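Colleague: How does the following fold in three dimensions:
(chains A, B and C)
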Amino acid sequence: MVPLSWYLIFAAALFSIGLFGVLSRRNAVAILLGIELMLNSVNINLAAFWRYGDVRMMAGQVFAIIVFAVAAAEVAVGLALVISVYRRRNTVIADDINMMKW
Amino acid sequence: MTTETLIWLIPLPPVLAFFLIVLFTNRSKTLSHTVGVGAAILSFVGSMVVFFRAVGEEHFAEHPFTSAVNWLPTGAGWFKIGVLVDPLGAMVLFFVSITIFMIFLYSVGYHNYGQPEGDHDHKGLPPHGATIEHDGHKHVVPSVEPMYSRFFAFLALFAFGMYVLVVSDNLLTMFVGWEIMGLCSYLLIGFWYGKPSAHNAAVKAFMTTRIGDVFMLLGISYLYSVTGTLTFREIFTEETLHMLAEHTTFFGMTVSGFIALLLFIGTVGKSAQWPLHVWLPDAMEGPTPVSAMIHAATMVSAGVYAVIRMFPLLTADMHGHGLPTTMAIVAFIGAFTALFAATIAVAQNDIKRVLAYSTISQLGFMIAALGIGAYVAAAFHLVTHAFFKALLFLGSGSVIHGMEHGVLHTRNHDVDPQDMYNMGGLKNKMPITFWTFLIGGFALSGFPLITAGFWSKDEILADAFAHEHWAVFITLAVAAFLTAFYTMRQITLTFLGDARTEEAKHAHETPWTMTTPLVILSFFAVTFGWVGIPEHFPVLGPLFHKNWFHDFVGHTLAEVPKAPEFSWVPLLTSLVVALGGLGLGYLVYRNVKSVSEDKLQIPLLKNKYYFDEAYDFLFVKPAYWFAENIVYKFMDQGVIDGILHIFGPSTGGIGSLIRDKFDLPVINRFFGDGSAEVTYWFGGKLRAIQTGRIQQYLMLALVVFIAIGAVLFFVLA
Amino acid sequence: MDFIATHLLSTILFFPAIAALVIFFLPKDEANLHRWFALGASLVPFALSLYAWFNFRTIQPGYQFEEIYPWYTAIGSSLHLGVDGLSLSMVLLTTLLTPLAILASFSITDRTKAYMMLFLFLETGMLGVFMSIDLLVFFVFWEIGLVPMYFLINQWGSANRNYASLKFMIYTMGGSLGLLLAVQLLGVLFKTYDLQVITEQWATYTAAIGGVPASTFKTIAFWAFVIAFAVKVPLWPFHTWLPDAHTEAPTAGSMILAGVLLKLGAYGFLRLILPLYPEQAKAFAGALAFLAVAAIVFGAFASYAQTDFKRLVAYSSVNHMGFVVLGIAAAAFAVGTDDARIALNGAILQMFNHGLSAAGMFFLVGVIYERTHTRNLEEFGGLFPLVPVYGGILIFTSMASLGLPGLNGFISEFLVVRGSFGVGVNSVPVMAIYTAVAMLGLLFTGAYILKGIKKVLHGPLNEHWAHGEHKLTEINTREIIVMVPLMALILWIGLYPAWILDVINKAVVMLF
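Modeller: Predicted structure coming up:
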């Protein structure tokens, strides 16, 4: 059986890729993609801990499902915002959308 | 009706008349004077009934008419008031009721009843005459007094006061009557209130007498406090008087002497004795009947009457020959006033003022008589003086009235109808007035044997002589000489010789309502002296059998005073001063044509020794100055309100101090504004990191997360 | 009828307040309705107090018509009402003067509704002081009376009203702070505020409190009481609020101020100070007498110095109330003697008499002020021919104020003088001197009264008032109706004072 650490390493890698994407990409859609990656890396962790812990405790699985739901909702809202901004400002570059400051 | 009930009723008609006139009949002159004179007649009749019943009563002095009722509750007991008519009271009631009745009657004519309303008369000013058309040409005739009804109302109230005073059996109701008269004299002197001189005189009269009154009130309080009663018959018992005379009080005087002195000060004010005499001459501003009422019949007599009433108290501490302190003071003031006022009278030109000073002087005679213990003589002179002085005042009023006729005729209103130098030769124009005035004047001068004034004045002098009070005797003799002198001066200037002005030529005799009282009073001014002829007087004494007056009035006292031994010295003195004064007066003034020829117009006398000016300077002005500047402006508005006003600013000061030094800097600046400013500054510094770039935020979040994680990991682990 | 018979005092006390509440619901602009309603409402307590007067048993000691209701049981205070001869005469004075004052204010046109309500509340406040035999309730009513008076002066007064009303309010309240503390002290000590209980125990109280001996704090409490009442009387030198307040108040306000409010202070002296502090009162009677004489003399002098008619009358109140305190001080010296009783009789009668004559005088000043809009004596002169009836009434009332024998003022002043001089002669010589000095004040009473008459009525006619639009009109029927009861009582008491003095005398004999 594959040891738990492999899953954790994989998830950490995935999270780091996602984080890098979020911080480095200029396109808002790509940032959203990065966020999705980070969320899913968490799901991997949740599923792995469930499998390697007490199988009768369903909390890990349940939490993963909640994360799905949140991710889906977040993407829906995020994309809607991106499209809306694009319509008004004709851009999806995150650095250009900087009205929310002092 | 019992006599006691009748006495209770005597004062009532005048007071009812007063209310009737004031409330109902004041619009009708006829009704008003009917009510007034009617009331005077009722009281007169009542008084006469009482007087004659009193005279007819056996042992009347021991059992006088008296009755009393509860009036004031005082702690455990009651203060009773009541009426008392003893021989003295009956005598006073006799002359008071006659003079009052005469004065009422006289007022009808004096105020021109039946004449038309004046052309330009105003209420509050004397009438100026009315123009009437008669047979085609115009006449000016005297006009009726505009406040005719009011005059009778006041006069009635005055009469009420006097009757109350006379029939009272106690000092308190006597004082009530006394003060009511004070009010009425104020109202009557200031009757023509539109004239500033009149209302000033009224205020002066009221205030001057009030000085005496407050002392009298103290005396009454004192007497009441130590004896527990104010009823004469209870005070004048031997034990009470003995008790009062035994104890000493303030200034080392006996209690009785001190109380008598306090009461006497009241008399000094009321009877216009020096030094409170100043109001009386000014009181001549009132209409003439008022002058007669005030000076002769009532108010000033009331002062003397009060002292006569309190005579047992006055003499309670008298032992042997020497006079106790109070009596010496009384005698001194009386004698001094008699002389002092007589000297002023010789230099006065106003016909009424001469009489006013002569009144002061005559009252001085009575007071001096009381001071040396001559009880009956004082009472006798009080009665005779009331008759002849009322006569003289009414006579002078008649003269003035006649002169006013003349003034209306010539229409020269600059001529003063009261100045004797504007008169002269009125004997033929006004015969009734002249003869009655002459009788009055001779009575005042003490013309021997036939006039009343001779007998009463002689008795005072005889008493002073018999008891060896030389100073009083000589002073009064000199005063009597001056009296005769100025009386003759007055008669000469007014009636004899030729008319000195056009007005005097057109003077008229006055109507019957004015002359009838003159005739009646002159009857008494002559005959009343005969009831008091001393028993041992040569020829006349035995003729009249006994001295009725002395016998009757003397019994008022528990210990009947002895009549002085007959002596030729005072009798001759009386004769010499009276005849000498009259003769000299005639000789000097027979040929005087104008005021500049009068040698006696000495400024010091003319200006009444400058007493008015001195009092004004010493008392009136300082009092007002003190009231206004010290009491009101300095003390109340300055000091007291000043202190109060300090509270305002000082409270405000403390308030602003707290606000300025604590609330504003500490609470507001430091805590309130301070915290806001710090936050503001801090926010200002922090806002640089608020770039609006989402990735920077995330980066920052990551850094912070890592930092916190590192801290947690390295520090807490 | 049964209800009224058993609740007589509370009906008298609260009827005006209830009527005031009713006025609140009347339509706003119906001035006449407010006036007549208020007048009618104020006549009811008068009728009831007459009923009380005639059903009062003078020989029965203690309070009568007593009523007691729980009020503040936690601290032992109850609404305890009752009257004796002393307070009943004051109740009668209050209920008599209030309708007259309301009738006098028929000429008020501005906000009649509020005005009438305040007046009725004022009556309840004043009556409460005279009726309550509970110290705390006494104090409550004492302060309640201030509020309507403050607004009456402040809202309906003349030019300088803000200053005057503030001075009145602050001064009286400031004066009564000590009273409140002293009352609380008594309440804490005895667990009750009932006057009868406290009187019995306090006079003989000797235990120390917190190490302070009884005599010391009794003295302090005594002065706290004295100052509160002295401000109200007003006693010299606490009197300067009075001329201002009286002068600026509307006519009816001055009537009530002089007629009743001043009596509250004197009543306090009689009801509380003499029974509660007999020893202190005796010890400090000299000081009180001195202040009283100062009030008499300086009041008269200050009055004499005035050129404002109303201020002249106001200062005369200082002068007259001085006699009340002089009588009280004399009585304090010699409680139990006949001299003391006579002095107290005089003092209480003087309170009643001053209520009549001062109210009358203020009203008459108001009458002429309404017509001329000036109070300056120099602007009048010779008005007698224009207004003969008014002139007659003015002279009559002035003479009552002057203390002319035959009118009421004389009786009471004589009794006070007699009492205090009697105390002076028989026990404490200094009183004789004080009385003698007070005579100087009596003399100047004459001076200022005559000055008033002279400046208004006498002298050459001031033509300004004789013709045209300024023509002075005669006193009207309504105004005469206000004066008639006052004048009738003035004369009646002057001629036959026994009807009222008997009640007072019996109360005094039983109390002191």
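
Colleague: C-alpha from now on. contacts and neighbour counts both.
Modeller: OK.

Colleague: list the helices and strands the helix or strand where B:V83 lies packs on?
Modeller: According to DSSP states H and E, B:V83 maps onto strand B:77-85. In terms of contacts (3 or more Cα pairs under 8 Å, 6 or more residues apart in numbering or on different chains; DSSP states H and E), strand B:77-85 is packed against helix B:3-9, strand B:65-74, helix B:148-167.

Colleague: what is the orientation angle of the following helix or strand past that strand with strand B:77-85?
Modeller: Per DSSP H and E, the first helix or strand lying C-terminal to strand B:77-85 is helix B:87-110. For helix B:87-110 against strand B:77-85, the angle by axes from the mean of the first three to the mean of the last three Cα atoms, to 10 degrees is 70 degrees.

Colleague: Can you name every helix or strand that helix B:87-110 contacts?
Modeller: Secondary-structure packing of helix B:87-110 (3+ Cα pairs under 8 Å, 6+ apart): helix B:29-56, helix B:148-167, helix B:288-292, helix B:375-410, helix B:512-527, helix B:548-554.

Colleague: Alpha carbons of that helix, as PDB, please.
Modeller: Extracted in PDB, the C-alpha atoms of helix B:87-110 (Å, rounded to 0.1, in the frame of the first residue of the first chain):
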ATOM      1  CA  PRO B  87     -67.000 114.900  85.200                       C
ATOM      2  CA  LEU B  88     -64.000 115.700  83.000                       C
ATOM      3  CA  GLY B  89     -65.500 113.700  80.200                       C
ATOM      4  CA  ALA B  90     -68.800 115.400  80.500                       C
ATOM      5  CA  MET B  91     -67.200 118.800  80.400                       C
ATOM      6  CA  VAL B  92     -65.200 117.900  77.300                       C
ATOM      7  CA  LEU B  93     -68.200 116.400  75.700                       C
ATOM      8  CA  PHE B  94     -70.100 119.600  76.300                       C
ATOM      9  CA  PHE B  95     -67.700 121.900  74.500                       C
ATOM     10  CA  VAL B  96     -66.800 119.400  71.800                       C
ATOM     11  CA  SER B  97     -70.300 118.700  70.700                       C
ATOM     12  CA  ILE B  98     -71.200 122.400  70.600                       C
ATOM     13  CA  THR B  99     -68.100 123.400  68.600                       C
ATOM     14  CA  ILE B 100     -68.500 120.500  66.200                       C
ATOM     15  CA  PHE B 101     -72.100 121.300  65.600                       C
ATOM     16  CA  MET B 102     -71.200 125.000  65.000                       C
ATOM     17  CA  ILE B 103     -68.400 124.100  62.600                       C
ATOM     18  CA  PHE B 104     -70.700 121.800  60.600                       C
ATOM     19  CA  LEU B 105     -73.200 124.600  60.200                       C
ATOM     20  CA  TYR B 106     -70.600 127.100  59.300                       C
ATOM     21  CA  SER B 107     -69.100 124.800  56.600                       C
ATOM     22  CA  VAL B 108     -72.400 125.000  54.700                       C
ATOM     23  CA  GLY B 109     -71.900 128.700  54.200                       C
ATOM     24  CA  TYR B 110     -68.200 128.700  53.900                       C
END
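
Colleague: Show the contacting residues for C:G253.
Modeller: C:A101, C:M149, C:L152, C:I153, C:H246 (Cα atoms under 8 Å, 6 or more residues apart in numbering or on different chains).

Colleague: mind running it again at 10 Å?
Modeller: C:98, C:101-102, C:104-105, C:119, C:148-150, C:152-153, C:156-157, C:245-247, C:259, C:359, C:362-363 (Cα atoms under 10 Å, 6 or more residues apart in numbering or on different chains).

Colleague: Contacting chain A as well, which ones from these?
Modeller: Subset of the contacts of C:G253 in contact with chain A: empty, counting by Cα under 10 Å from any Cα of the partner chain.

Colleague: Which ones among the residues you listed lie within helices?
Modeller: C:98, C:101-102, C:104, C:119, C:148-150, C:152-153, C:156, C:245-247, C:359, C:362-363 (DSSP state H).

Colleague: Just the buried ones from those residues, in ChimeraX syntax?
Modeller: The following ChimeraX line selects those of these that are buried, judged by 16 or more other Cα atoms under 10 Å in any protein chain shown:
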select /C:98,101,102,104,119,148,149,150,152,153,156,245,246,247,359,362,363
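
Colleague: Buried by neighbour count: which residues of the helix ranked longest in chain A qualify?
Modeller: Looking across chain A with DSSP H, the single longest helix is helix A:59-89. Using 16+ other Cα under 10 Å as the burial criterion, the residues of helix A:59-89 that qualify are A:G60, A:Q61, A:A64, A:V67, A:F68, A:A71, A:V75, A:G78, A:V82, A:I83.

Colleague: Find me the pLDDT at the third one, would you?
Modeller: Listed pLDDT for A:A64 reads 92.

Colleague: Which helix or which strand is home to the closest residue to it other than its chain neighbours?
Modeller: Spatial nearest neighbour of A:A64, excluding adjacent residues (Cα to Cα, 6 or more residues apart in numbering or on different chains): A:N43 at 5.2 Å. Per DSSP H and E: A:N43 is located in helix A:28-52.

Colleague: and that helix, what does it pack onto?
Modeller: Applying 3 or more Cα pairs under 10 Å, 6 or more residues apart in numbering or on different chains; DSSP states H and E, we find helix A:28-52 packed against helix A:4-24, helix A:59-89.

Colleague: Which of the helices and strands packed on helix B:87-110 has the lowest mean pLDDT?
Modeller: If the helices and strands packed on helix B:87-110 are sorted by mean pLDDT, helix B:288-292 sits at the bottom with a mean of 75.

Colleague: and it, what other elements does it pack with?
Modeller: helix B:87-110, helix B:148-167, helix B:171-189, helix B:351-371, helix B:375-410.

Colleague: Quick one: distance of the second one to the chain centre.
Modeller: Relative to the centre of its chain, helix B:148-167 is centred 14 Å away, using Cα atoms, centre = their mean, to the nearest Å.

Colleague: May I have that helix exported as PDB, CA atoms only?
Modeller: What follows is helix B:148-167, C-alpha atoms only, in PDB (Å, rounded to 0.1, in the frame of the first residue of the first chain):
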ATOM      1  CA  TYR B 148     -68.500 119.800  48.800                       C
ATOM      2  CA  SER B 149     -69.800 116.300  49.700                       C
ATOM      3  CA  ARG B 150     -66.400 115.000  50.400                       C
ATOM      4  CA  PHE B 151     -65.700 117.800  52.800                       C
ATOM      5  CA  PHE B 152     -68.700 116.800  54.900                       C
ATOM      6  CA  ALA B 153     -67.700 113.200  54.800                       C
ATOM      7  CA  PHE B 154     -64.200 114.000  56.200                       C
ATOM      8  CA  LEU B 155     -65.600 116.400  58.700                       C
ATOM      9  CA  ALA B 156     -68.000 113.700  59.900                       C
ATOM     10  CA  LEU B 157     -65.100 111.200  60.300                       C
ATOM     11  CA  PHE B 158     -63.200 113.700  62.200                       C
ATOM     12  CA  ALA B 159     -66.100 114.300  64.600                       C
ATOM     13  CA  PHE B 160     -66.300 110.500  65.000                       C
ATOM     14  CA  GLY B 161     -62.700 110.400  66.000                       C
ATOM     15  CA  MET B 162     -63.100 113.100  68.600                       C
ATOM     16  CA  TYR B 163     -66.200 111.600  70.100                       C
ATOM     17  CA  VAL B 164     -64.500 108.200  70.300                       C
ATOM     18  CA  LEU B 165     -61.600 109.800  72.100                       C
ATOM     19  CA  VAL B 166     -63.800 111.600  74.600                       C
ATOM     20  CA  VAL B 167     -66.000 108.800  75.600                       C
END
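
Colleague: Sweet, I'm off.
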